[in-house]
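1. Return a 3D structure for these sequence lines:
(one chain, ligands or ions: 2)
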Amino acid sequence: MSTKTIDQVEEQFETFQILNEEGEVVNESEMPDLSDEQLQEIMRRMVYTRIWDQRAISLNRQGRLGFYAPTAGQEASQLGSHFALEQEDWILPGYRDIPQIVFHGLPLHQAFLWSRGHFGGSQFPDGLNIVVPQIIIGAQIIQTAGVALGLKRKKKENIAITYTGDGGASQGDFYEGINFAGAYNAPAVFIVQNNRFAISVPVEKQSAAKTIAQKAVAAGIEGIQVDGMDVLAVYKATLDARKRALAGEGPTLIETLTYRYGAHTMAGDDPTRYRTSEEDDEWAKKDPLIRFRKFLEGKKLWSEEKENEVVEQAKEDIKQAIKDADKTPKQNVTDLLGFMFENPPVNIREQLEEYTAKESK
Ligand SMILES: Cc1ncc(C[n+]2csc(CCOP(=O)(O)OP(=O)(O)O)c2C)c(N)n1
Ligand SMILES: [Mg+2]
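-> Ligands and ions are numbered 1, 2, ... in the order given. Coordinates of the predicted model:
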């Protein structure tokens, strides 16, 4: 016995890239077919999300937001994959994947309510196919396999897509989910955003595997590792995965190599305790906005003026969304209990009575 098998498998998981760090096309044959307007829209979303991240961090520090998991650095991974979806596709996000569900149609003020732990942040508009962002690491992977199987059974031309992190790929749920989806040929796309850390734990400590993408092999599904700072590569990989899923060719596991510039969440994490500034600098050079901006400027599709417009729009929208969130009546204990069951069991009925009396005082 030798370990040759592993070497042979790992060799096949080369990083898929279309735009290099300079914004140059290095993989012309994989260039996706996107109109000028679509290319500009992708940039608009990434710039918008970067500003939103800065504002959210500052709102959090002012005590006005609640839970927040920073997104800067991960825009290409999050928004490039989302751009490949259709409106009727289902998204099962993790706690960091709020940009995708907002661009899918969740009003921004509801995203802020979700941050505040207000139930209004989880009561989605009718017809919006998203699930409440998952906090339990990996749980959404199994749910995605189920949603995708449901879509297949109902003969819908749609997929279910989910996001987790490098840490999430160590959970039992992850293996169960991808295996089940493979076994039932469910139209699912599993994105693992490998930002190199699960809070402070480096990815090298998560697994002996060199890539997360190769974990697809044991589940008998497609796997691909993508440059997660290259929005076109992430878009193309997701688009291809979606097509394969709908053609009955099974689910795909996509590993995006990315980096979160900020803290894990705003609840006291200090990345300087587990990352070096050299590593931060190295990843800043790969920045998804810088390289896509260069690419678009080369095509005369982007300018400082355009960028400023997006920045101003984002700031204005955020200001309004916070106002709307502030205007939302505070939640009561009876709201929480009332939403739990259609027919509440006796202990919940007792508590409902108790709190109805308290709240009416
Ligand atoms: C089942 C479970 N275990 C532990 C936690 C605590 N926890 C929250 S985030 C996190 C790290 C997740 O890292 P990763 O999957 O890489 O995602 P990232 O935050 O880097 O996007 C952990 C361990 C949790 N939420 N759920
Ligand atoms: Mg991570």
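2. what are the ranges of the strands in the stretch 151-300 of the chain?
-> For the stretch 151-300 of the chain, the strands defined by DSSP state E, counting those that start in this stretch occupy 160-165, 188-194, 197-198, 201-202, 222-227, 252-257.
3. Of those strands, which is nearest ligand 2?
-> strand 160-165 (3.4 Å; C-beta to the ion). To be clear about C-beta, it is placed using only N, CA and C from the backbone, and glycine gets the same treatment.
4. Show me what the closest one is in contact with.
-> 78, 81, 85, 89-94, 96-97, 100, 137-138, 140-141, 143-144, 147-148, 151, 171, 174, 186-195, 198, 238, 242 (C-beta atoms under 8 Å, 6 or more residues apart in numbering).
5. ok, I57 touching R260?
-> No. Contact criterion C-beta atoms under 8 Å: I57 and R260 do not qualify, at 12.0 Å.
6. who has more neighbours, those two?
-> Taking neighbours as other C-beta atoms under 10 Å, I57 and R260 compare with R260 leading, 23 against 17.
7. My guess is the more buried one contacts A72. True?
-> Yes. Between R260 and A72 a contact is recorded at 7.0 Å, counting by C-beta under 8 Å.
8. about what we covered before: what touches both of I57 and R260?
-> Counting by C-beta under 8 Å, 6+ apart, the residues touching both I57 and R260 are P70.
9. how far away is the closest residue to ligand 1 within the chain from G80?
-> Ligand 1 sits closest to G165 of the chain, with a gap of 2.2 Å, by C-beta to the nearest ligand atom. Using C-beta to C-beta, to the nearest Å, we find G165 at a distance of 17 Å from G80.
10. what does P107 give?
-> In terms of C-beta to C-beta, P107 sits 23 Å off from G80.
11. Those two - which one has more neighbours?
-> G80 (29 against 17).
12. just checking, the more buried one touches L239?
-> No. Under the criterion of C-beta under 8 Å, G80 is not in contact with L239, lying 9.6 Å apart.
13. give me every residue that touches the residue in the stretch 1-150 of the chain positioned nearest to ligand 2.
-> Closest contact between the stretch 1-150 of the chain and ligand 2, by C-beta to the ion, is at R96 (8.6 Å). By C-beta under 8 Å, 6+ apart, the contact set of R96 is 69-71, 74, 78, 163, 165, 193, 260.
14. Quick one: these as TSV, columns for pLDDT too.
-> Shown next, in TSV, are those (pLDDT from 0 to 100):
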residue	pLDDT
A69	98
P70	98
T71	98
Q74	98
Q78	99
Y163	98
G165	98
Q193	98
R260	98
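15. Now compare those residues and name the two farthest from each other.
-> P70 and Y163 (15.1 Å; C-beta to C-beta).
16. Those two - which one has more neighbours?
-> Applying other C-beta under 10 Å to P70 and Y163 shows that Y163 carries more neighbours, namely 30 against 21.
17. Distance of the more buried one relative to K156?
-> Taking C-beta to C-beta, one finds Y163 at 21 Å from K156.
18. Heading C-terminal from the helix or strand encompassing S58, find the next helix or strand.
-> Using DSSP states H and E, S58 sits in helix 36-61. Once helix 36-61 ends, the next helix or strand along the chain (criterion: DSSP H and E) is helix 75.
19. Check which helices and strands that next one is in contact with.
-> The helices and strands touching helix 75, judged by 3 or more C-beta pairs under 8 Å, 6 or more residues apart in numbering; DSSP states H and E, are helix 36-61.
20. what's the most centrally placed residue in the chain in contact with, if anything?
-> Centroid-nearest residue in the chain: D97, 3.4 Å away (criterion: C-alpha atoms, centre = their mean). Each residue near D97 by C-beta under 8 Å, 6+ apart is listed here: 78, 91, 133, 163.
21. Next to ligand 2, which bits of this structure? Give me the list.
-> Contact residues, the chain versus ligand 2 (C-beta under 5 Å from the ion): 165-166, 195, 198.
22. let's see it at 6 Å
-> Within the chain, the positions adjacent to ligand 2 are 165-167, 195, 197-198 by C-beta under 6 Å from the ion.
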